[in-house]
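Chemist: Build me a structure from this.
(chains A and B)
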Amino acid sequence: MSDHDAIAELLLEHAGDAPLSDEVRAHLESCAECRALADTIGEVDAGVRSMIAPPLPGDLIARTLERVAEPPVKAPPSVLALLLGLISALLGGLWTMLAFPFRTPRARAWTFGVTVPALAVVGLAFVSVSFVAYAPVGDAGPVPRVLPPLEPPEPEVEEVREGRDGADDGVETRVEVNRPGYSEAVVLADGRDALQPGAHTIVLTPDDQTVREGDFHTVLERATVNGTDDDGDGTSEQRRHEGRDDRGRNSEADRRGELSDLEQLTRSNDLPVLPPTELEGLTFQEPRGYWANTYVPGDPILRTLRRRLADTPAARALAERAEPIDLGLDPPREGALSLSVRADRASVEGRSRLIVAVGLRGAAVRGGRRATLATAVVVDARRPLDESSRARVRELLSALSRGREGGDRISVIVAGPHGGVLVPPGELRFGELSVALDRLESGASALALDAAVRAAIESVGGEDAPLGSALVLLATPGLEDADARAIEPLAHAGALGGVATSAVALNGAVDLEVLGRVALAGQGRRAVLASPDDADRVVAGEVEAASRTVARAARLNIRLAAGASLVGVLGSHRLDAVDASRVREAESAIDRQLARELGIASDRGEDEDGIQIVIPAFLANDQHVVLLDLVVEGPGAIADVSLRWKDLVRAGNGSASDRLTLGEGGARRGPRERAVVLAYAAHELAEALRESAELVRAGHSSTARGRLWAVQQRIASVEGMADDVALCEAYRAALGEGEGSPAIADSLAYASARRIQGDPLALEVERRARPARPSADPPAMMDTVR
Amino acid sequence: MESSAALATEGGGELDAGASNVVPLSDRVLLERHVRGDKAAFGELMKMYGSTVYGFLARAGVPAGERDDLFQEVFVKVHRALSRGLPDGPVRPWLLAIAVNAARDSFRKARVRSIVRTEERAGDDVADELRNPRPDRAAEARETAAWIEEEVAKLPLDQREVLVLCVAEGMSLEDAAAALHAPVNTVKTRLRRARLFIADALERRKLIVDREGSR
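Modeler: Below is the predicted model of the structure:
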């Protein structure tokens, strides 16, 4: 080996912070090739050192110290080890006894010397297998975490009657639950879907003995805390008929007694198991067909709720404590999506109830290829535009023209006394801009602003409009409150149809609040063109928003193995034939469009076996969890999951697959399994928050507090839900103070949505806002109101 | 066992000494205090090495959702090991050896692996990268870090471990060998291969950037 090669090896094998030897340094000065190699290694090392090491979570050391302080969990002795030990000892002893008389004294000593250590080894093996790393999770559920005792609710559990919509219309509905695991809990169910045949006894007042569809909006389920028979409504007689006489439980003292029983129960180890383990009384669903997609990024409801909460920062801050479910999925290393399937336990013994989480995670990058952008610019020329406004409109259109890609369609519509379509879709050219703008005030007929916005939405909407890439840009020198009121419903309707509306102010004097209302209703953005130079930034922002989508037409297919039965897909429902055909049509439309515009091969149109869920669009860096409630007959293969999508990062078809297989043995939970339990608990919490929001809106704040208290009891037993328990406490306190203001109802609803799926756009804004960076720069021109 | 004079200068932890005249205790002194029953000492040790262990787990590719649990597992093992006595050698490699084993166990236990494949990836890597328009907007430093992370993640686990320990953590070959329970020559070989792999990828990337710039 030459010196040159030896030096190269030394460089490549150099480790730590030790300086290079003089010999190497001298060689580097004279050898350009080795110098280049050293530079490259320096770059590599600098890159490796720059790899971001995430900061240590604040409470991790404290949690670890708690865990270190816990005594090792002693598992029941292994039956197998015990058996082996006994057999070995028996055989060894027998052999020793039989052979002992026939052996020489030397051999006897050897036999003795071998047998005793062997027995000692067997004994040690027995002792060692008695200690395992995981605590067994049996039907008793997870080991409850030690939490401060929770105060029982005072007045809300005494209220047992629920009038429909809070009106005293005589339709009082109570449902007694006879469901294992819910024996003493107060649980609300939303509508008839939660009522399982045979699992409930419906008790009606004499005023209305029939339950009709839609008769009750919310059903209050209670087990033993009744105590409202003092009005002689006949319910007690019905209960006696069923063998349960609850008479006399309506006195204040008795009610207090029941509360204390309830408190005792919830503090004991008889807490309802979470996730559920009961196997009796279940109804199963056919595990095939189309199911409703629950991933709706940019859901307009979220926008509306956030907007409503803008005036009540405390209520909004409360909701923003709810963080979305995090399965801890890593973003894909290539392609737009990654897929993972896991269960709430690593192994099972015999017939078991199982929660399975199918997780999807979007790439951390924005989609490299966006779908065609159909943009209609509405120029508000109701009053003559001054020269600076005209210049800004010109720059805005120029920026749009510069930023467009093949297939983009841009049109211009003018609102005002000389309004009309100034530039039809697809006909905007650089050279025609000046001419077009000269005709701003040459229209033949008047066109109101709302009519112009309507025309714009209609021009870019339609069946061919790709989700998230149809846009109306309203360029205005000023909006009045009345203008916003007229435009808001149009923008909202457009948003529901996949057309976003953004508002751009042509000067700094515009009322941003009014501008924001339009953008909010239209799921768009608001921006101020302080100078013509800002136009490119505004357009880039709009294009970037369209580029957040990394995958389209994601088709999730879940096939259950024989022996696995579907109890349900949490939060979703099976689509009927009409809805299923709509989903298929929408999927095919996206498929064809992307084939036409991006050259991604068309591959859709046929149904698959198993549970099918179609997600129209998936955003960058987002994640979504589908939870399935299953009953399995034993260990082995449980489910095959596949995912296909139109990959906008790679401009191709992407696919991923995963399989869930469970081992045999006592239920064990590692980090992956515990994440599923947390996801399930989050789902329960979100349901409770949503129902509480409805109750507060209906004026039943005390019942909402009871609902929150009940879910708080359930999730308190799950490690990692302490923040959620605190959130429930905070809401209960807020309800106690404010008697359920509309803001609290909105806050509850918003928190529910955030906990399940997050509000990806809002979360991104929050993330950006967190590291407050002092800057002397003027405020950003682009203000995202999503 | 090393002498206490030598031990007093042994450090390498990340405890912020804060103001000037506060000298952090050496890691071995903390271990000795812990073994003697000082309950605060183990917490101090965790503060000293917490970021190192957590950073190692992250850079070695342990998914975010499992990192906290694995971190706890490492220190529970450290705690149990200390009940059997102090380590013979320096503390840092000993502790990282436990972290290395925990990470390896974690990877081994990952029973279900997602197989992601993207169809229609025609052409060589360079052409593919050229089609990918990502690098155009992100800040250069952040982009480089993300790119390096991707490349490091492609390395085999044994090479990744060596690269993280010797380069990111700045350990000597001997300490890394002790942490990995491998001969020094093996560590050298892995380090050489890992660096060549990343250097090769770096050259290809430069080529792509040059081509893009010349367009």
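Chemist: State the mean pLDDT of stretch A:554-566.
Modeler: Averaging pLDDT along stretch A:554-566 yields 92.
Chemist: could I have that stretch exported to CSV, CA atoms only?
Modeler: Written as CSV, here are the backbone C-alpha positions of stretch A:554-566 (Å, rounded to 0.1, in the frame of the first residue of the first chain):
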residue,chain,number,x,y,z
ALA,A,554,-55.6,7.5,-1.5
ARG,A,555,-57.4,4.1,-1.4
LEU,A,556,-57.0,2.2,1.8
ASN,A,557,-57.9,-1.5,1.7
ILE,A,558,-58.2,-3.6,4.8
ARG,A,559,-58.7,-7.3,4.5
LEU,A,560,-59.4,-9.2,7.7
ALA,A,561,-58.1,-12.8,8.0
ALA,A,562,-60.4,-15.7,8.6
GLY,A,563,-61.3,-15.7,12.3
ALA,A,564,-61.2,-11.9,12.7
SER,A,565,-64.6,-10.3,13.0
LEU,A,566,-65.4,-6.6,12.6
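Chemist: buried sites along that stretch?
Modeler: Under the neighbour-count criterion of 16 or more other C-beta atoms under 10 Å in any protein chain shown, stretch A:554-566 has A:554, A:555, A:556, A:557, A:558, A:559, A:560, A:564, A:565, A:566 buried. For the C-beta atoms, the positions are set from N, CA and C on the backbone; glycine is no exception.
Chemist: Would you check which pair of the residues you listed lies furthest apart?
Modeler: With C-beta to C-beta as the measure, no two of the buried residues of stretch A:554-566 lie farther apart than A:554 and A:565, at 26.0 Å.
Chemist: What is the subsequent helix or strand relative to the helix or strand where residue B:153 lies?
Modeler: Secondary-structure assignment from DSSP states H and E places residue B:153 in helix B:140-154. Downstream of helix B:140-154, the first helix or strand assigned by DSSP H and E is helix B:157-163.
Chemist: ok, and what's touching the next helix or strand after that next one?
Modeler: Using DSSP H and E, the next helix or strand after helix B:157-163 towards the C-terminus is helix B:173-180. Residues from elsewhere that reach helix B:173-180 (C-beta atoms under 8 Å, 6 or more residues apart in numbering or on different chains): A:13, A:15-16, B:89-90, B:92-94, B:96-97, B:100, B:158, B:161-162, B:165-166, B:171, B:183-184, B:186-188, B:191.
Chemist: and if we set it to 7 Å?
Modeler: With contact meaning C-beta atoms under 7 Å, 6 or more residues apart in numbering or on different chains, helix B:173-180 is reached by A:15, B:89-90, B:92-93, B:96-97, B:100, B:161-162, B:165-166, B:183-184, B:187-188.
Chemist: Identify each buried residue in that helix, please.
Modeler: Buried, per 16+ other C-beta under 10 Å, within helix B:173-180: B:173, B:175, B:176, B:177, B:178, B:179, B:180.
Chemist: next one: stretch B:203-212
Modeler: For stretch B:203-212, by 16+ other C-beta under 10 Å, it's B:205, B:208.
Chemist: Let me see the mean pLDDT of that stretch.
Modeler: 75.
Chemist: just the CA coordinates of that stretch, formatted as PDB?
Modeler: Output of stretch B:203-212 as PDB, limited to C-alpha atoms (Å, rounded to 0.1, in the frame of the first residue of the first chain):
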ATOM      1  CA  GLU B 203     -20.800  13.900  -5.000                       C
ATOM      2  CA  ARG B 204     -23.900  12.800  -6.800                       C
ATOM      3  CA  ARG B 205     -25.900  15.500  -5.200                       C
ATOM      4  CA  LYS B 206     -23.300  18.200  -6.200                       C
ATOM      5  CA  LEU B 207     -23.600  16.900  -9.700                       C
ATOM      6  CA  ILE B 208     -27.300  17.400  -9.600                       C
ATOM      7  CA  VAL B 209     -27.100  20.900  -8.200                       C
ATOM      8  CA  ASP B 210     -24.500  21.800 -10.900                       C
ATOM      9  CA  ARG B 211     -26.700  20.500 -13.700                       C
ATOM     10  CA  GLU B 212     -29.700  22.300 -12.300                       C
END
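Chemist: ok, what's across the strand from residue A:551?
Modeler: On the basis of DSSP bridges, residue A:551 is bridged to residue A:618, residue A:647.
Chemist: Could you check how far it is from residue A:291?
Modeler: Residue A:551 sits 19 Å away from residue A:291, taking C-beta to C-beta, to the nearest Å as the criterion.
Chemist: which of these two has more neighbours?
Modeler: For residue A:551 and residue A:291, the more surrounded residue by other C-beta atoms under 10 Å in any protein chain shown is residue A:551, and the numbers stand at 28 against 24.
Chemist: so what's residue A:676 up against?
Modeler: Residues counted as contacts of residue A:676 (C-beta under 7 Å, 6+ apart) are A:342, A:343, A:344, A:355, A:357.
Chemist: Report pLDDT for the closest residue to residue B:69 other than its chain neighbours.
Modeler: Setting aside the residues directly before and after it, residue B:69 is nearest to residue A:671 in space (C-beta to C-beta, 6 or more residues apart in numbering or on different chains), at 3.9 Å. On the pLDDT scale, residue A:671 is placed at 81.
Chemist: What is the burial count for whichever residue of chain B sits closest to chain A?
Modeler: Among the residues of chain B, residue B:65 lies closest to chain A, at 1.3 Å counting by C-beta to the nearest C-beta. Using other C-beta under 10 Å, residue B:65 is surrounded by 20 other residues.
Chemist: and what of the one 4 residues further on?
Modeler: Other residues near residue B:69 number 20, with proximity taken as other C-beta under 10 Å.
Chemist: List the buried residues of the host helix or strand of it.
Modeler: In this assignment (DSSP H and E), residue B:69 forms part of helix B:64-82. Within helix B:64-82, the residues that count as buried by 16+ other C-beta under 10 Å are B:65-79, B:82.
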